[in-house]
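Trainee: Have a look at this prediction, sequence included:
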Amino acid sequence: MPIDPEILERLNRGILQRTGTYRTDEHFVLRSGRHTSEYVAKALVTTEPTFTEGLGDIIATHFSRFEVDLVLTTGYAAGLLGHCVARAHPSRPRFIFATKEKTADRRTGVTLQPEYRAFFAEGGRVLIVEDILTTGETVKQLIKLVESMGGRIVGVGAIWRRSTRMKFKYPLFTVVTRDFPTYAPAECPMCRKGIPTNPDLGAGGPEDDPED
Ligand SMILES: [Zn+2]
């Protein structure tokens, strides 16, 4: 009998919590100025190789009924995860990555290594892999890139989707989907209890690229 998706998601969140990736019951100030008690430390997602392999396996298993020729990622941590997804997928797809950069109008742009262009010649079937999805902007750019190359997108797989409203025109699977409750400082329950804010994570620390 398949596990209830809600229970499975709670289990996955628990695993991410054990690795220190998912932090709860703390007090963080986000770049937006709002406060929250939860945080996903993106840099910690891929620090335990066997755990990264396990996450890659979950995503590969979800898309295992589809033929995949290429797993496409961008960014360092997503690349490590994408490698694990490609390894675990029964189609034995190739693993490739695009390079992320800021365009002149300060938006996120992605470009493909010229060596990879030939892989799209026969209309490659592509699975896009990301680590943490905050706005989905990077994935949107990767979708445009694949479409411009004549590739076909099987779906998008990621570890964490920060907004339940996030949607793409292709199937999206995330190991965890969770909207963090956030508070204006005046209404923040952690402020009221006098819990000190975390000086290293959130707006005071290396917060994730908000466009990811
Ligand atoms: Zn607060």
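Mentor: Thanks, I have the structure now.
Trainee: from here on, contacts and neighbour counts on C-alpha atoms
Mentor: Fine.
Trainee: what's the closest non-adjacent residue to whichever residue of the chain sits closest to the ion?
Mentor: As assessed by Cα to the ion, the ion sits closest to Cys191 within the chain, at 3.9 Å. Leaving aside its sequence neighbours, Cys191 sits nearest to Pro185 (Cα to Cα, 6 or more residues apart in numbering; 7.2 Å).
Trainee: Run a quick check on the one you found versus Arg34, I expect a contact.
Mentor: Yes: at 6.3 Å, Pro185 counts as touching Arg34 under the criterion of Cα atoms under 8 Å.
Trainee: what are the phi and psi angles of Gln141?
Mentor: phi -70, psi -40 (degrees, to the nearest 10).
Trainee: ok, what's across the strand from the residue lying closest to Arg13 once chain neighbours are set aside?
Mentor: Nearest non-adjacent residue to Arg13, counting by Cα to Cα, 6+ apart: Val176, 6.7 Å away. Under DSSP bridges, the beta-bridge partners of Val176 are Trp160.
Trainee: and if you look at Val71?
Mentor: With DSSP bridges as the rule, Val71 is bridged to Phe95, Leu127.
Trainee: so what's it up against?
Mentor: Gly82, His83, Val85, Ala86, Pro93, Arg94, Phe95, Ile96, Val126, Leu127, Ile128, Val129 (Cα atoms under 8 Å, 6 or more residues apart in numbering).
Trainee: What is the nearest of those residues to Val139?
Mentor: Ile128 (7.6 Å; Cα to Cα).
Trainee: That closest one is in contact with Leu72, isn't it?
Mentor: Yes: counting by Cα under 8 Å, Ile128 touches Leu72, with 4.9 Å between them.
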